[in-house]
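Trainee: sequence and predicted structure, then a few things I'm wondering about:
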Amino acid sequence: MGKTRIKALSSKRGAIADKPDQSAKFQARAELTQQIAALIMANDWKQADAANHCGVTQPRINDLLRERLSRYSPDALVNIAPPLGRRMHVELNAAYPAPTCCFDSACARTPPLMQTARFINE
């Protein structure tokens, strides 16, 4: 097969899920996928080249670039970081503004935390 040129991702898909914890996991995978794809495109790698650099197969890179998030676990995406010369930085942010009714952590209106993850240069 010939080498396929990598095209820019069409859109950044929103995190939609039935439960807040599923949504947070989906969002983290989406952000990691976007960052990996951006690194691949910044280096102007073809899919086969990107696969060699990332330590995965070309079909796995194709899945990543086509935003097939269900085919990647967060762990699999994190494992791509070291071969690219990156390490993970994880932080937790409030998903919604803090409730004004009270500051009790047991309050039903206390928002869930949203997790974010990003790659940083070593």
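Mentor: Structure's in. What do you need?
Trainee: so after the longest helix belonging to the chain, what's the next helix or strand?
Mentor: Ranked by residue count under DSSP state H, the longest helix found in the chain is helix 20-42. The element immediately downstream of helix 20-42 (helix or strand, assigned by DSSP states H and E) is helix 47-54.
Trainee: which of the residues in that following helix are buried?
Mentor: Gln47, Asp49, Ala50, Ala51, His53, Cys54 (16 or more other C-beta atoms under 10 Å). In short, each C-beta sits where N, CA and C put it, glycine included.
Trainee: looking at those residues, which is nearest Asn62?
Mentor: Checking the buried residues of helix 47-54 against Asn62 with C-beta to C-beta, the nearest one is Gln47 at 5.9 Å.
Trainee: pretty sure that closest one is touching Gln58, no?
Mentor: Yes - here Gln47 lies in contact with Gln58, judged by C-beta atoms under 8 Å, at a distance of 5.0 Å.
Trainee: identify the contacts common to those two.
Mentor: Counting by C-beta atoms under 8 Å, 6 or more residues apart in numbering, Gln47 and Gln58 have no shared contacts at all.
Trainee: quick check: angle from the longest helix of the chain to helix 47-54?
Mentor: When axes from the mean of the first three to the mean of the last three C-alpha atoms, to 10 degrees is applied, the directions of helix 20-42 and helix 47-54 differ by 110 degrees.
Trainee: many thanks, we can stop here.
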